[in-house]
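>>> okay, predicted coordinates and the sequence, questions at the end:
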Amino acid sequence: MRIARFTTGDDPRYALVDGEPGNEHLTVLTGDPIYTPVQPTGERVALTDEVRLLAPVIPRSKIIGVGRNYVDHAAEMGNEVPTSPLLFLKPNTSVIGPDDPIVLPTWTEDVHHEAELAVIIGKVTKDVSVARALDQVFGFTVANDITARDVQRADNQWTRAKGFDGSCPIGPWVVPGLDVDDLRVTARVNGQARQDGRTSQMVFDVATLISYISEVFTLLPGDVILTGTPAGVGPVVHGDVVEVEVEEIGVLRNPVLRRA
Ligand code: ZN
């Protein structure tokens, strides 16, 4: 099952997605499936240019990122693998959706893509065990943890480098109930392969991350966890198109723009 948030010009709505890539249809739902029971409205919409997919959720409280969660990526940045998950926050104002432009800030010259599996929390979660952690998940989507690498190196903490407007593209939709133990995670820039890893290479797996994070924060429905990026991160510049793909979820595509 795939659940998308979309607009045809009016208020955002949710829908179930079916069909092959390029020929998808939406079965429109009542309400918001992250917070309330939903039902089909009976309306069907073809996924055409008239329909714009939106970020599948705007978190009400937070996005939690995990740094250096793939050995090869920690190594390419010259860092040790952490002995416990390395957490950071991105504000909900960093979220953009599929095809929305990533606008490069004026104060950085080195913005990188980071292809990641994203977890969307479905229930209020505090101090959950690893064994029960996946019961708290609403579903999974694709994220690009956009990072101003020069600023990340210059600042003592990562708020500016990873929290700016547009630094958290997510989408194109949510897949509930997915086995995420071994999914391919890739990034392409202008069609050229940049990142190619598997979630099986994570230092801390998804259940461990949720449990660990829930000992720090109360996780609320709609909160998003970014699970770290494999090796191959690199720069994006004005005019690029960056695509992040997670196997069995889909492709998240965003153009990159620097305002003159
Ligand atoms: Zn990241």
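Okay, I see it. Please read all numbers here as calculations on a predicted model, not as lab measurements.
>>> domain ranges for the chain?
3-54, 63-257 (automatic domain parsing).
>>> in three-state terms, label the residue nearest to residue 68 when sequence neighbours are not counted for me.
Nearest non-adjacent residue to residue 68, counting by Cβ to Cβ, 6 or more residues apart in numbering: residue 74, 4.1 Å away. Any C-beta I mention is one placed from the backbone N, CA and C, and that applies to glycine too. Secondary structure, DSSP: H, G, I helix; E, B strand; the rest coil: residue 74 is helix.
>>> cool, and residue 118?
strand.
>>> follow-up on the earlier one: which residues touch the residue nearest to residue 68?
68, 80-82, 203 (Cβ atoms under 8 Å, 6 or more residues apart in numbering).
>>> ok, now residue 166?
94, 96, 100-103, 146 are the contacts of residue 166 under Cβ under 8 Å, 6+ apart.
>>> give me the number of residues near the residue in the stretch 1-150 of the chain that the ion sits nearest to?
Taking Cβ to the ion as the measure, the stretch 1-150 of the chain has residue 145 as its residue closest to the ion, at 3.3 Å. Applying other Cβ atoms under 10 Å, we find 28 residues neighbouring residue 145.
>>> leaving out sequence neighbours, find the closest residue to it.
residue 114 (3.9 Å).
>>> quick one: pLDDT of the one you found?
Residue 114 carries a pLDDT score of 98 in this model.
>>> does it really touch residue 148, like I thought?
No. Between residue 114 and residue 148 there is no contact under Cβ atoms under 8 Å: 11.5 Å.
>>> which strand or helix spans the residue lying closest to residue 220 once chain neighbours are set aside?
Residue nearest to residue 220 in three dimensions, not counting chain neighbours: residue 61, with 4.9 Å by Cβ to Cβ, 6+ apart. Under the criterion DSSP states H and E, no helix or strand holds residue 61.
>>> who are the contact partners of residue 61?
Counted by Cβ under 8 Å, 6+ apart, residue 61 has contacts 92, 220, 222-223.
>>> max pairwise distance over the residues you listed: which two?
92 and 220 (11.3 Å; Cβ to Cβ).
>>> and for these two, which residues touch both?
Contacts common to residue 92 and residue 220, judged by Cβ under 8 Å, 6+ apart, are 60-62.
>>> please, where are all the helices along the chain?
Using DSSP state H, the helices of the chain run over 71-76, 149-154, 159-163, 206-214.
>>> which parts of the stretch 1-150 of the chain sit against the ion?
Within the stretch 1-150 of the chain, the positions adjacent to the ion are 114, 145 by Cβ under 5 Å from the ion.
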